[in-house]
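Asker: I need the structure of the sequence given here:
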Amino acid sequence: RIDTIPVGFYQDEAINGNDAFDLVQFYRVDGWRVWSDSIGGRPTLFLYLVGGCVHLFGSSYLSLKIVPVLFGVAGVAAVYALGRVAFGPREALWAAFFLAVSRWHIHYSRMAWEAICVPFFSTAGFALLLHGLRRERGGGLSLATGAVVLSAGLYTYASYRAIPVITVVFLLAILLSSDCRIILRREKVAALVAGALLAAIAVTPLALFAWREPTLYWGHYKDVSIITYLTYFGTPMPWVHMLGKALLSFNAEGDALVRHNLPLAPHLDVITGGFFLIGLAAAVWAWRSLGVRLLWIWFIIFVGLTTMTREIPHATRQLGLVPVAALFAALGTTWLLALLTPVLRRSAYRLLVASLVLSVMGLNSYQYFVVEAYDPTADEMLDFTGRTLCEYLRQLDGVDVYWTADIGFWSGGQCHFLARGRYTENELTLERARNPASLRHERPVIAVIGTEFLEDHRNEIRRAEDGRPLLEFPVAPVVQRDRQGKPVYYLYRF
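Answerer: Next up, the predicted model:
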């Protein structure tokens, strides 16, 4: 159901699709570009991958989703790998399960945003790093590869910039603990130095761009940062407030926007959230474990840095914590089941495990595929009616399209992606709408009038009792409604 859920595109997805197409299309002219200035600016690794799929499979809703879906699946495998090397096979299996069925993770696996890269690169990199550190002999290749994978994530979403900080703090924590012998072996030191050099080489193009264009590189962060508020008021309370909201988002109240989350629902379902809290408590007692220390450092630093921005809880910026939540929940599950094993018969134990699995799967599936998918705000936020317009234009060829500013704003990018080259775009102004004869007729004409435009000009454009505009077009309009039956636009074809 990837082609029907979510119901449409959010504007940023359409922009990503168009930027991805252009990056690959004009590669021979422009060469490799590490940065794209649109949507506040971001690195281009994700865009090049999406662009390759779009050119290979064509501009379609499904081709735009291939890369995020693959990153979502790869993220599950990476969480299993990290869980296995950090804790063991049971914890790894539970963590992979919690991530695979998580509504939070599934949501972003179906959105064409680079944020879905964060869980994969961070988890895969830490899995390789831990594997290399734990091996008594060898492990140099894992350490070097892990460093490169961790550095590659910097070419994705902005919140990933917290991961290098986490990596350095984790290694310093080992160095300053009784486990320092793990790092101080000659082969480990050599492998870590080699990995650091390879990572530095990998991020050099992006680092040079950030050095030369700091305004572009840090511009979006400055737009959302609360540091200005902290300085102005001279108190850390705005950050403390955001920190509290972020911590509560796992189990109490999450992101309010349907493009990020089931509005206001906790980011974790009630069962996973319960095991997450149990896992946090169990991890306090197991802090000497290398894997537990990594999770605590990851959790504390990522939460601390992402809450230095406004609009928290923000499920996108916090997406780098979904592997941590899955691993903590796995720790809580295995700890609780270990307590129950001596007092339960094998059949009862199996029934309990099966019930947990089915309950978590059913709850997340219901929340995502039923409640969130049919949330009333999804039609407008994800431009459901715009998608129907774009798919209609895709079936045509050689038409002149006139649409009002509201339709162009919400649906222009999506239509450009899905129906590229099949129409010529023009703005339908108030003067043109009141005088349809002024529209050129060399080719078939499609005029689209949005209800927002009609509301803005309700004194200039009369409307019938059913809401349709009373204009002098030669044909009657086709009314496009959302899933609640509310008119969104009126389409004329002549």
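Asker: so how far is Ala378 from Asp482?
Answerer: To Ala378, Asp482 is 9 Å away according to CB to CB, to the nearest Å. To be clear about C-beta, it is placed using only N, CA and C from the backbone, and glycine gets the same treatment.
Asker: common neighbours of the two, please.
Answerer: Phe384 (CB atoms under 8 Å, 6 or more residues apart in numbering).
Asker: Ser36: neighbour count?
Answerer: Here the count is done by other CB atoms under 10 Å, and Ser36 has 19 residues near it.
Asker: who are the contact partners of it?
Answerer: Residues near Ser36 by CB under 8 Å, 6+ apart: Asp19, Leu23, Arg42, Pro43, Thr44, Leu47.
Asker: strands along the protein, start to end?
Answerer: 35-36, 42-43, 399-403, 423-427, 445-450, 478-481, 487-493 (DSSP state E).
Asker: relative to Val360, which of these is closest?
Answerer: Val360 sits nearest to strand 42-43 of all the strands of the chain, at 33.1 Å, using CB to CB.
Asker: distance-wise, check the residue nearest to Leu49 when sequence neighbours are not counted relative to Gly51.
Answerer: What sits nearest to Leu49 in space, not counting adjacent residues and going by CB to CB, 6 or more residues apart in numbering, is Val67, at 4.8 Å. In this view, Val67 and Gly51 are 9 Å apart by CB to CB.
Asker: kindly report the same for Arg434.
Answerer: Distance, Arg434 to Gly51, by CB to CB: 42 Å.
Asker: these two: which is more packed in?
Answerer: The neighbour count for Arg434 versus Gly51, taken as other CB under 10 Å, is higher for Gly51 (23 against 14).
Asker: model confidence for that one, exactly?
Answerer: Gly51 carries a pLDDT value of 94.
Asker: pLDDT weak spots in the protein?
Answerer: 1, 3, 441 (pLDDT under 70).
Asker: so which residue is dead centre in it?
Answerer: Ala115 (3.7 Å; CA atoms, centre = their mean).
Asker: Serialize the strands of the chain to TSV and add fields for distance to Phe121.
Answerer: Formatted as TSV, those follow (distance: least, CB to CB, whole Å):
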stretch	distance to Phe121
strand 35-36	18
strand 42-43	12
strand 399-403	39
strand 423-427	37
strand 445-450	40
strand 478-481	40
strand 487-493	39
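Asker: just give the number of residues close to Asp179.
Answerer: 15.
Asker: what do you get for the one 10 residues further on?
Answerer: The burial count assigned to Val189 is 12, neighbours taken as other CB under 10 Å.
Asker: what does the one 3 residues further on give?
Answerer: When counting by other CB under 10 Å, one arrives at 20 neighbours for Leu192.
Asker: would you mind measuring from the nearest residue to it once chain neighbours are set aside to Cys117?
Answerer: Nearest residue to Leu192, sequence neighbours excluded (CB to CB, 6+ apart): Leu143, at 5.8 Å. From Leu143 across to Cys117, the span is 22 Å (CB to CB).
Asker: just Ile39 next, same as before
Answerer: 15 Å.
Asker: report how many residues lie close to Thr388.
Answerer: Neighbours of Thr388 (other CB under 10 Å): 19.
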